[in-house]
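Colleague: Sequence first, then the predicted structure, then my questions.
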Amino acid sequence: MDNSQALSSRTSTTMTLGRPRKLGIARPYHMLAQVFQIIWLAVICYNEYGTFRNHVSHCPWPDHSLLLSTGTSSEDSPRPTHVLVLADPQVLDANSYPGRHPLLVWITRKTVDMNLRKSWRAALNLKPDAVVFLGDMMDNGRAAMSDEEYEDYYQHFRRIFRPASEDPLLTFYIPGNHDIGLGRSARFSEEALERYTSHFGPLNQLVDIGGHTLVMINAPGLVQEETLRADDGLERDQWALAHPTGTIAFVELLRSRRLHNPAVLFTHIPLSRPEGASCGPLRERGTIREGRGFGYENTLAPHTSQFLLQTIRPALVFSGDDHDYCEYAHPYPTSPSHDPMLSDSPPGNVIEVTVKSFSIVMGIRQPGFQLLSLSPLSAFSPPLPTLATTPCALPATLRTYLFLYAPLAAFTLLALLFASAHRIRTRRRWEAWAPLPRWCERLAVARGWSSNVSLCGRRVRVVWPIPNVLSQGEEGKISTGRTRAVGFWEGWARDVARVAWLPTLVFGGIAWWTA
């Protein structure tokens with residue numbers, strides 16, 4: 001190498017020209033969308049699935065109350081019979097909200113049905129031995145409709161409350177005013193009673209289970225019978241002889257038939273109580289008050305309630321219809337001497353539990369159900385209690401939709417809106433002229449994408465930008481051609497889609513799995 005070549009070599013340099021490319025965080029707005037997506041996934045997975053199991057897991061059967069009262073261990077005592085008590089699911093149909101837009105009715109029905117299925121599946125995880133529905137199974141079961149419409153309605157109810165396995169689950173129903181009607185109206189079907197009995201079973205029935213007798217009565221029918229009996233001026237025994245298939249005759253029969261087991265009374269309509277009587281701390285608001293209106297009656301009449309208590313002498317009473325929880329101790333007309341009582345029931349009193357509605361659209365914050373444990377009378381010596389009950393609260397799903405989903409959705413949309421505006425305003429701040437990496441320089445030299453020029457007496461090798469290989473696209477994406485800047489609304493819509501697609505898919509998957 002001569003001196004000129006050495007000088008030329010010492011004065012030679014390489015200049016690599018590069019395209020504008022983003023420095024720092026390559027895709028900050030896409031990362032924001034991913035954060036919101038993760039938040040929504042966690043919120044939906046818990047509130048659409050996990051919260052139901054979590055609530056029910058805190059609802060053990062009240063067997064421990066029986067064991068504590070007897071001082072025995074679970075190994076020494078027979079396993080109690082477990083009965084799940086549900087009230088007022090009121091499965092909706094297309095006519096449930098006559099003044100509402102059909103689309104809103106459809107959305108409401110789908111939402112309520114989905115919630116009923118989830119609650120039912122969660123309740124079945126407790127593995128009950130039997131289930132008792134306290135009436136109002138269907139919101140418009142009493143309405144005038146064709147036989148085909150009623151059959152479709154009933155099958156829809158059955159699909160929601162289907163057993164978890166092929167093994168049959170003992171299920172009993174008592175009629176509510178939404179099932180068979182109360183009073184006369186052109187809106188009520190004349191075939192309501194016949195349809196009920198052919199699909200749900202007898203209006204009144206006795207069931208022996210777990211060493212106890214479950215007395216299930218037709219409370220709406222009893223109200224109508226009492227009104228007609230009073231109009232005719234007949235005593236109950238006279239009315240029973242004239243109407244042997246009615247509820248009064250059914251109850252009068254129990255007067256002559258001595259029950260060998262403790263009785264549990266199930267009535268859709270609560271028993272009478274003093275005006276303003278407290279329902280206990282578990283009630284959400286107010287109390288049960290006397291009142292009646294079109295197709296309903298809040299409580300049975302005082303003389304009707306006394307008739308039931310005197311004749312049946314139940315150890316415990318369950319009622320529905322009110323939709324909120326209530327616990328009230330009724331005094332017996334005369335103190336019983338042989339019936340086992342609940343451990344927390346004062347002597348001479350019988351506790352009535354009004355069970356919460358199982359539905360989220362019945363005007364309460366949290367729906368719920370009741371757990372009943374029954375032990376055989378022979379297992380313990382009277383007067384120790386042989387039954388125990390406890391309520392179980394379900395998730396406040398409606399509040400979740402209104403006070404979690406809606407605010408979170410609004411916050412997500414606004415945050416992505418501001419992010420899209422910020423992206424447009426600061427787009428150029430993310431660009432800078434920077435040299436290409438060394439491997440690009442070597443690739444350019446190898447492929448002839450460079451040339452030697454003389455600049456101010458110095459040899460300079462210019463490496464031209466590699467065409468269509470490292471062109472930076474929107475938010476750092478690699479592009480193979482000319483890129484187009486994304487506008488404000490398009491960028492916002494893309495971010496919303498990035499956030500929503502996976503949570504929506506998970507939400508739909510959970511809904512499909514519980515269907």
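Modeller: Nice, thanks for sending it over.
Colleague: where does this structure have low pLDDT?
Modeller: For the chain, the stretches with pLDDT under 70 are 1-29, 67-77, 333-347, 377-384, 427-485.
Colleague: rerun at 50
Modeller: Applying pLDDT under 50 to the chain flags the ranges 1, 4-26, 335-346, 379-380, 430-434, 466-483.
Colleague: Flag every buried residue along the top helix by length along it.
Modeller: Using DSSP state H to define each element, the chain has its longest helix at helix 488-514. Buried positions in helix 488-514, judged by neighbour count with 16 or more other C-beta atoms under 10 Å: 491-492, 494-496, 498-500, 503, 506-507, 510-511, 514. The way it works is simple: take the backbone N, C-alpha and C, and place the C-beta from them, glycine included.
Colleague: Mind giving me the packing neighbours of it?
Modeller: When contacts are defined as 3 or more C-beta pairs under 8 Å, 6 or more residues apart in numbering; DSSP states H and E, helix 488-514 packs onto helix 28-45, helix 102-124, helix 406-425.
Colleague: Show me what counts as buried in the helix or strand that comes right after the shortest one.
Modeller: This points to helix 28-45. Beyond helix 28-45 on the C-terminal side, the first helix or strand identified by DSSP states H and E is helix 51-57. Applying a neighbour-count criterion of 16+ other C-beta under 10 Å, one finds 51-52, 55-56 buried in helix 51-57.
Colleague: Other residues contacting helix 51-57?
Modeller: Residues from elsewhere that reach helix 51-57 (C-beta atoms under 8 Å, 6 or more residues apart in numbering): 118-119, 121-123, 125-126, 392-395, 400.
Colleague: Now which of these would you call buried?
Modeller: Using 16+ other C-beta under 10 Å, the buried ones in these are 118-119, 121-123, 126, 392-395, 400.
Colleague: Could you work out the most separated pair of the residues you listed?
Modeller: Taking every pair in the buried ones among the contacts of helix 51-57 and measuring C-beta to C-beta, the maximum separation is 22.3 Å, between Leu126 and Thr400.
Colleague: which residues sit in contact with the residue nearest the centre of the chain?
Modeller: Relative to the mean C-alpha position of the chain, the nearest C-alpha, by C-alpha atoms, centre = their mean, is the one of Asn115, at 3.5 Å. Asn115 makes contacts with 359-360, 397, as judged by C-beta under 8 Å, 6+ apart.
Colleague: Over to Val223?
Modeller: Residues near Val223 by C-beta under 8 Å, 6+ apart: 182, 269, 297, 300-301, 304.
Colleague: Could you do Leu417 as well?
Modeller: Trp492 are the contacts of Leu417 under C-beta under 8 Å, 6+ apart.
Colleague: got the contact list for Phe36?
Modeller: 412, 415-416, 499.
Colleague: can you tell me how far Glu300 sits from His64?
Modeller: Check again: residue 300 is Leu, not Glu. Counting by C-beta to C-beta, to the nearest Å, the gap from Leu300 to His64 is 33 Å.
Colleague: out of those two, which sits in the busier spot?
Modeller: Remark: of Leu300 and His64, Leu300 carries more neighbours, 24 against 13, as counted by other C-beta atoms under 10 Å.
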